[in-house]
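Chemist: quick check, what structure comes out for this input:
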Amino acid sequence: MGHLDHAAFGWLTPVLSYAMACTGAALGLRCTVRALATTGRARRNWLLAAASAIATGIWTMHFVAMLGFGVSGTEIRYDVPLTILSLLVALVVVGAGVFAVGYGRDRGRALALGGLTTGLGVASMHYLGMAALRLHGSVRYDPMLVGLSVVIAVVAATVALWAGLNIKSPVAVGGASLVMGGAVSSMHYTGMLAVSVRVSPSGEALPGATVMQFVFPLAVGLGSYLFLTSAFVALSPSAREREASAAAQRPVESAAR
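Modeler: Now for the predicted structure:
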């Protein structure tokens, strides 16, 4: 059996991955709050932003954490198409869950459906990302821990969507994002505890790309997207601010007439 190291760089990758999960959650929740205060095309656009933020944050969290993953006796590479597919799955399924909540008339049913869909999407992303691993040996999973990780993903997604529906203040959203970031990170490391590797030493070259060739640049790019989008959302006026601005302009326009 190969020895698994989940933190080859010490606390750097766990802390950074947690920060990415929290950033994606906070941005997604703020966008959801903005979406529920609007209608029509504006609501759709805010929900798209929320879905992309949450999915990107979760995906980036996973692969930043994987930067610290190593197995003694073998190098590790990643299958590029499967890695990209894991990102696309996260975007599509999380988007489905967010839109179910954003447009659902029955909030309770929409929350249950959205939480289940989004949670399964998060778990699918995680295990697709693990399926992209290429190493000299075979990877096995503990079914009980895999099941527990899926349950954590569904609960975390449901709580996050509930927060998007019920929490409005920025401070409360910040607290909720810290909780969600912790839940998503817990799901990841629970899934990683389910992993065992039987190494089969070989001199053959592994297919795929190394973490620094592909995963690290992509994670940095998506992380930059999260921070830039966060700045945009922070500077974008809320519905209440737009209403106040419109109300302030009406007397001026009346006086001009």
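
Chemist: now do the SS call for the most centrally placed residue in the chain.
Modeler: For the chain, the residue nearest the mean C-alpha position is residue 58 (2.1 Å; Cα atoms, centre = their mean). Assigned with DSSP: H, G, I helix; E, B strand; the rest coil, residue 58 falls in the helix class.

Chemist: so it touches residue 122, yeah?
Modeler: Yes - when contacts are counted by Cβ atoms under 8 Å, residue 58 is listed as touching residue 122 (5.6 Å). No exception for glycine: its C-beta is placed from N, CA and C like everyone else's.

Chemist: overlap in contacts of these two?
Modeler: The contact sets of residue 58 and residue 122 overlap at 90, 94, 184 (Cβ atoms under 8 Å, 6 or more residues apart in numbering).

Chemist: the last one contacts residue 60, correct?
Modeler: No - look at residue 184 against residue 60 with Cβ under 8 Å: they stay out of range, at 10.8 Å.

Chemist: sorry, back to before: now, which of the shared contacts of residue 58 and residue 122 sits nearest residue 13?
Modeler: Of all the shared contacts of residue 58 and residue 122, residue 13 sits closest to residue 184, with 14.6 Å by Cβ to Cβ.

Chemist: nearest residue to that closest one other than its sequence neighbours?
Modeler: residue 21 (4.5 Å; Cβ to Cβ, 6 or more residues apart in numbering).

Chemist: counting by contacts, list what the helix or strand containing that neighbour packs against.
Modeler: Under the criterion DSSP states H and E, the helix or strand holding residue 21 is helix 12-36. Applying 3 or more Cβ pairs under 8 Å, 6 or more residues apart in numbering; DSSP states H and E, one finds that helix 12-36 makes contact with helix 40-66, helix 80-103, helix 143-166, helix 170-193, helix 216-235.

Chemist: and the angle for it with helix 80-103?
Modeler: 40 degrees (axes from the mean of the first three to the mean of the last three Cα atoms, to 10 degrees).

Chemist: tilt between helix 12-36 and helix 170-193?
Modeler: Using the same axes, to 10 degrees: helix 12-36 against helix 170-193 is 130 degrees.

Chemist: now do helix 12-36 against helix 40-66, angle only.
Modeler: Using the same axes, to 10 degrees: helix 12-36 against helix 40-66 is 170 degrees.

Chemist: could you give the mean pLDDT of helix 12-36?
Modeler: The average pLDDT for helix 12-36 rounds to 86.

Chemist: gap between it and the chain center?
Modeler: Taking Cα atoms, centre = their mean, to the nearest Å, one finds helix 12-36 lying 7 Å from the centre of the chain it belongs to.

Chemist: what residues of it count as buried?
Modeler: 13-14, 16-36 (16 or more other Cβ atoms under 10 Å).

Chemist: many thanks, I have nothing further to ask.
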